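Asks: Return atomic coordinates for the entry below.
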Amino acid sequence: MKAYVFPGQGAQYCGMGKDLYEQSGLARQLFEEANGILGFRITDVMFEGSEEELRQTRVTQPAIFLHSVVLVRLLGGDFQPDMVAGHSLGEFSALVANRALSMEDGLRLVYARAMAMQKACEIEPSTMAAILGLEDDQVERLLKEVPEVVVPANFNSPGQLVISGSVRGIELACELLRQAGARRAIPLKVGGAFHSPLMEPARIELAAAIESTAFQNPICPVYQNVTGLPSTDPEEIRKNLVAQLTSPVRWTQTVRNMISDGAGIFLETGPGNVLQGLIKKVDPAVETRTVEWKKA
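Replies: So this is what the prediction gives:
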């Protein structure tokens, strides 16, 4: 069975999507429609912008989403998923791919999400860190000892867990986890504490946008970040999408469940190959591949 997976923030790179724009009339049309919807030429930043410009949350999230869903549209009839999943932001790409959301609605929600998250980041200084070399349950247990807001944010793969919280909380947690034997505790260059209670203002704002958006019955199950479980119910999908901003991304559990349910190959659709590396750490035996499109 084919599992298509979609990357999240951090997968961006300078020049992303430019080859698709130049080689395909359909891609050009979709990118230009997106420029109109967003009210600025995101393609200029994607194709010619600097790394710093591309790292802005208001640009990064719609840029990665666009690269992913344009690629799906270019595949046409060759895109035949048995299941889909996306990492954080990538869940929106997955929901457009399995037709639970239209591309236009997906883009509007992603942009609303990016702006809401940016505002939440400005309310209280916060950040994230990657913890390598400890068991997930050990990290979770130790975080309870930190007298600040700090929680597990991304269960990426065995031995790799990203934590999220206040700036002071992350500092204290990194020191504690290093003392407990973490191989590395790496502060991340991010705008704030994504997938933590500090994103509550963004969750409230995004919830209103999601509630007013039409969701359809998808063509295949989406394995959602909040539960790691498959869903085809539009209302359940909607509820989990709202909860995602303040809940951890259960990527390890998601991949294990997809394999258990018959996934024989994982096809990463969008910029980069980060997810393939994480999937291989979950199960080295599983086949992974990057989805590519070449002009015939």
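Asks: Which parts of the stretch 51-200 of the chain are strands?
Replies: 83-86, 126-132, 150-157, 160-166, 184-187 (DSSP state E, counting those that start in this stretch).
Asks: Just name the most buried of these.
Replies: Of all these, strand 83-86 has the most neighbours on average by mean count of other CB atoms under 10 Å, namely a mean of 28. (C-beta placed from N, C-alpha, C; glycine too.)
Asks: Walk me through which strands that one pairs with, and which way each runs.
Replies: Strand pairing for strand 83-86, using DSSP bridges, gives strand 2-6 (parallel), strand 222-223 (parallel).
Asks: Out of those, which one sits most buried?
Replies: Most buried among the strands paired with strand 83-86, given mean count of other CB under 10 Å as the contact rule, is strand 2-6, at a mean of 27.
Asks: what residues does that one touch?
Replies: For strand 2-6, contacts defined as CB atoms under 8 Å, 6 or more residues apart in numbering pick out 68, 72, 79-87, 90-91, 93-94, 97, 258, 263-270, 275, 279, 291.
Asks: And for stretch 17-26?
Replies: In contact with stretch 17-26 (CB under 8 Å, 6+ apart) are residues 27-28, 31, 43, 46-47, 63, 66-67, 70-71, 73-74, 271, 293-295.
Asks: Report the buried members of the contacts of strand 2-6.
Replies: Applying 16 or more other CB atoms under 10 Å to the contacts of strand 2-6, the neighbour count classes 68, 72, 79, 81-87, 90-91, 93-94, 97, 258, 263, 266-270, 275, 279, 291 as buried.
Asks: Okay, buried residues for stretch 180-194 please.
Replies: Quick answer for stretch 180-194 (16+ other CB under 10 Å): 180, 182, 185, 190-194.
Asks: Quick one: end-to-end distance for that stretch.
Replies: End-to-end distance for stretch 180-194, by CA to CA, to the nearest Å: 24 Å.
Asks: So residue 291 is in contact with residue 69, correct?
Replies: No: using CB atoms under 8 Å, residue 291 makes no contact with residue 69, being 11.8 Å away.
Asks: angle of the top helix by length along the chain against strand 126-132?
Replies: The longest helix of the chain (DSSP state H) is helix 103-123. Per axes from the mean of the first three to the mean of the last three CA atoms, to 10 degrees, the angle that helix 103-123 makes with strand 126-132 is 100 degrees.
Asks: So what's the gap between helix 103-123 and the chain middle?
Replies: 13 Å (CA atoms, centre = their mean, to the nearest Å).
Asks: which outside residues touch that helix?
Replies: With CB under 8 Å, 6+ apart as the contact definition, helix 103-123 has outside contacts at 30, 33-34, 37-38, 57-58, 60-62, 65-66, 69, 73, 89, 92-93, 95-96, 101, 191-194, 198-202, 205-206, 209-210, 213-214, 245.
Asks: Buried only: go through those residues for me.
Replies: Among the contacts of helix 103-123, those buried by neighbour count (16+ other CB under 10 Å) are 30, 34, 38, 57-58, 60-62, 65-66, 69, 73, 89, 92-93, 95-96, 101, 191-194, 198-199, 201-202, 205-206, 209-210, 213, 245.
Asks: So which of the residues you listed belong to helices?
Replies: Within the buried ones among the contacts of helix 103-123, residues falling in helices by DSSP H are 30, 34, 38, 57-58, 60-62, 65-66, 69, 73, 92-93, 95-96, 201-202, 205-206, 209-210.
Asks: on that earlier part again, quick one: closest of the strands of the stretch 51-200 of the chain to residue 239.
Replies: Evaluated over those, closeness to residue 239 peaks at strand 83-86, with 16.7 Å, by CB to CB.
Asks: can you dump the C-alpha coordinates of that closest one into CSV?
Replies: The C-alpha coordinates for strand 83-86 follow below in CSV (Å, rounded to 0.1, in the frame of the first residue of the first chain):
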residue,chain,number,x,y,z
MET,A,83,-3.3,6.6,3.1
VAL,A,84,-1.7,10.1,3.8
ALA,A,85,-0.1,11.9,6.7
GLY,A,86,1.7,15.2,7.2
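Asks: buried subset of the contacts of stretch 17-26?
Replies: Using 16+ other CB under 10 Å as the burial test, the contacts of stretch 17-26 include 27, 31, 43, 46-47, 63, 66-67, 70-71, 73-74, 271, 293 as buried.
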